[in-house]
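Participant: The following comprises the amino acid sequence and a computationally predicted model.
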Amino acid sequence: MLKRIVGLVSVCFVLLLPVYGWGRDGSDSWRGLSPKDKENVQRNYQRWQNLPQQDKEHLRQEWDRFKNLPPDQRDKLRRRYDEQRR
Amino acid sequence: MERTDALKNACKDFEEDLVLFYYGDDSAADHRRVEEHLKTCAPCRGFVEDLRKLLPQMAKPSELPQSFWDNYYHEMVAKLAVQQERNSWWKNLFVPMRRWMLPAFGTAGVATLAIGLVIGKGNWHPFGEPREKIPQEILADTNQLEFFRSMDMIETLSSLESPDGTKVQPGDDYHS
């Protein structure tokens, strides 16, 4: 009986692992951000909510395009952006 | 004493075979061989005779009087009744629930944990960290978080690409 209960509990935990992993995914990344980055993310999110639908779609397309760029090109664009901000 | 003498007199090579012969545990060939030997060997015949006389007495079960078995029976019945009475009150309490209780509580526990994880996604701080109000849309996955983090840059992506004409299409094999 005890063996069966332990088995059932183990199966339940194994089944819950993906859910737990998914639950931790975003929050772990969030915790890894600096306070400045967190503030930036929240500000951008607020801005995003107020954007018109077409701008949202455009930004999504640009983001997808950026993600599909070669890594060295992405780095170059990030560097250029950082330089422009200074 | 008689038996000891008989053992002494039996042929050494046949002692073991004679015991097996007596119990009928030997092979057919050995049985025939011992039978042949017994025809010609008086000490071995005496040995087998002793086995026939002594062994049944040694293994004789002691006969117990009927009163013993009657008492034994009544005692066992009384013990079983006491045991049954002792177990029944609390066992019967759970009998109707026993079949569904374990899977039901198990399912409820797993469901609660899963719902808790999904609803409290990213906002669970077991060690008393200050709670931050983070929209779920941001924490949906790392891609979302990265999107909002890079949103400023994404808005200027075209202008970032244009100054030196490095605008490339996805999948292009670009080398700077």
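Facilitator: Noted; the coordinates are in hand. The structure displayed is predicted, hence computed values, not measured ones.

Participant: make it CA atoms for all contacts and neighbour counts henceforth
Facilitator: Noted.

Participant: Do any residues in the helix or strand encompassing A:R43 lie close to chain B?
Facilitator: Counting by DSSP states H and E, the element that carries A:R43 is helix A:35-50. Yes. Helix A:35-50 is in contact with chain B by C-alpha under 8 Å from any C-alpha of the partner chain, via A:37, A:40-42, A:44-45.

Participant: quick one: contacts for A:K67?
Facilitator: Applying C-alpha atoms under 8 Å, 6 or more residues apart in numbering or on different chains to A:K67 gives the contacts A:R74.

Participant: Count the residues that sit near B:G106.
Facilitator: The tally of other residues near B:G106 (other C-alpha atoms under 10 Å in any protein chain shown) stands at 16.

Participant: Which helix or strand contains it?
Facilitator: Assigned by DSSP H and E, B:G106 belongs to helix B:66-119.

Participant: next one: that helix to chain centre, how far?
Facilitator: 21 Å (C-alpha atoms, centre = their mean, to the nearest Å).

Participant: next helix or strand past it?
Facilitator: Next element after helix B:66-119 (DSSP H and E): helix B:136-139.

Participant: Would you pull up how far that next one lies from the middle of the chain?
Facilitator: Its chain's average C-alpha position is 46 Å from that of helix B:136-139, according to C-alpha atoms, centre = their mean.

Participant: buried ones in that helix?
Facilitator: Going by neighbour count (16 or more other C-alpha atoms under 10 Å in any protein chain shown), the buried part of helix B:136-139 is B:136, B:138-139.

Participant: for it, packing partners?
Facilitator: Packing partners of helix B:136-139 (3 or more C-alpha pairs under 8 Å, 6 or more residues apart in numbering or on different chains; DSSP states H and E): helix A:2-31, helix B:142-149.

Participant: Helix or strand with the lowest mean pLDDT in chain B?
Facilitator: Every helix and strand of chain B was ranked by mean pLDDT, DSSP states H and E. The lowest is helix B:2-9, at a mean of 54.

Participant: Excluding chain neighbours, what is closest to residue 38?
Facilitator: I'll assume chain A. Once flanking residues are discounted, A:K38 sits nearest to A:W30: 7.5 Å by C-alpha to C-alpha, 6 or more residues apart in numbering or on different chains.

Participant: was after chain B, sorry
Facilitator: B:R45 (5.6 Å).

Participant: For the residues of helix A:35-50 next to chain B, pick the one with the most neighbours.
Facilitator: Per-residue neighbour counts (other C-alpha under 10 Å) across the residues of helix A:35-50 next to chain B peak at A:V41, which has 24 neighbours.

Participant: pLDDT below threshold where in chain A?
Facilitator: Residue ranges of chain A with pLDDT under 70: A:1-2, A:19-27.

Participant: Where does pLDDT dip in chain B?
Facilitator: Low-confidence segments of chain B (pLDDT under 70): B:1-8, B:59-61, B:88-99, B:118-132, B:163-176.

Participant: 80 - rerun?
Facilitator: B:1-9, B:55-63, B:86-103, B:114, B:116-141, B:162-176 (pLDDT under 80).

Participant: I'd like to know how many residues surround B:A111.
Facilitator: 14.
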